[in-house]
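[1] got a structure for you, letters missing:
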């Protein structure tokens, strides 16, 4: 029973990691497995058997969640691109108050607090995230990634970045991939690899596997090494770090609508779809805010229990 419960929790974490704007770290905290995951990963080589026993059901659940939504999200993007984009935007906008709250709280304990440094961090990442979606141009769709050496190197480093952001509660790794213009490409590669595996098409499996393998290696290395750097930044320069994250987040709706329009076209969107999209956006904002409040309540209850 415990294995099944941990597997289900892992599924929700996996689903959260696929949806831009939703943090897998937040979901892990909400389900009370965040510390367990971090501790097991950190002590994997020190206590291998115990760590693997803890991580296995969660990891299986995450894989199931990722695979399931890998097929669902492209379907909605193809049939309802505006409403899907609006949902992503709502999930992102709803998470902004959480980032701002973390920024304010970090200011109370930051011994290296510097307003100019915070502003620079915000502006730099704001500019980068705003420019990035337009750098690929119309010639490179980002939907189908080719298994050439340059792309493989790119997705390797993208894996490191995605993994580093996935372990931070309140920050969405899939959102970062979308901002950088590779979210749909990775999702499509996963989908095509699974379809190739299902039909035993070795050519399709090889082409997409050569894209996913460096990404997966990058994710593993990111979890083990880059997370330490992120922890150090949060420990020593939390306000500048959160300022940079905020700069990255606030420009993401522009990236989402631009990328979706580039790949699926929003020009045929009807008035009804716009209205429905706005409603969905509002609902998603509420869902993300509610999730943040739920997380805060869980953390508060946990703290009270530990103090008692």
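    In hand now; what should we look at? None of these values were measured; they are calculated from a predicted model.
[2] show me what the helix or strand containing residue 176 is packed up against.
    Element membership for residue 176 (DSSP states H and E) is helix 173-180. With contacts defined as 3 or more Cβ pairs under 8 Å, 6 or more residues apart in numbering; DSSP states H and E, the secondary structure elements packing on helix 173-180 are helix 2-18, helix 115-135, helix 149-166, helix 183-199, helix 238-250, helix 252-264. In short, each C-beta sits where N, CA and C put it, glycine included.
[3] and residue 201, what does it touch?
    The neighbourhood of residue 201, defined by Cβ atoms under 8 Å, 6 or more residues apart in numbering, consists of residue 195.
[4] please report phi then psi for it.
    Backbone geometry at residue 201, expressed as degrees, to the nearest 10, gives phi -90, psi 100.
[5] tell me how far it lies from residue 277.
    For residue 201, the distance to residue 277 under the criterion Cβ to Cβ, to the nearest Å works out to 36 Å.
[6] follow-up on the earlier one: for residue 98, which of the helices and strands packed on helix 173-180 is the nearest?
    Between residue 98 and the helices and strands packed on helix 173-180, the shortest gap by Cβ to Cβ is with helix 238-250, which sits at 9.9 Å.
[7] the helix holding residue 176 versus helix 252-264: what angle between them?
    Helix 173-180 and helix 252-264 are oriented at 70 degrees to each other (axes from the mean of the first three to the mean of the last three Cα atoms, to 10 degrees).
[8] quick check: mean pLDDT across helix 173-180?
    With pLDDT averaged residue by residue, helix 173-180 scores 72.
[9] wait, residue 158 touches residue 177, no?
    Yes. A contact is recorded between residue 158 and residue 177 when judged using Cβ atoms under 8 Å, the distance being 6.5 Å.
[10] which residues are common contacts for the two?
    With Cβ under 8 Å, 6+ apart as the test, residue 158 and residue 177 both reach residue 186.
[11] re earlier: now mean neighbour count and distance to residue 213 too, for the helices and strands packed on helix 173-180, in CSV please.
    Written out in CSV, the entries for the helices and strands packed on helix 173-180 read as follows (neighbours: other Cβ atoms under 10 Å; distance: least, Cβ to Cβ, whole Å):
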stretch, mean neighbour count, distance to residue 213
helix 2-18, 20, 19
helix 115-135, 16, 24
helix 149-166, 20, 8
helix 183-199, 19, 10
helix 238-250, 23, 27
helix 252-264, 20, 24
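[12] out of these, nearest to residue 81?
    Taking Cβ to Cβ, helix 252-264 is the member of these nearest to residue 81, at 4.0 Å.
[13] check the average confidence over that closest one, would you?
    Summarised as a single mean, pLDDT over helix 252-264 is 75.
[14] quick check: angle from that helix to helix 183-199?
    Between the direction of helix 252-264 and that of helix 183-199, the angle (the same axes, to 10 degrees) works out to 50 degrees.
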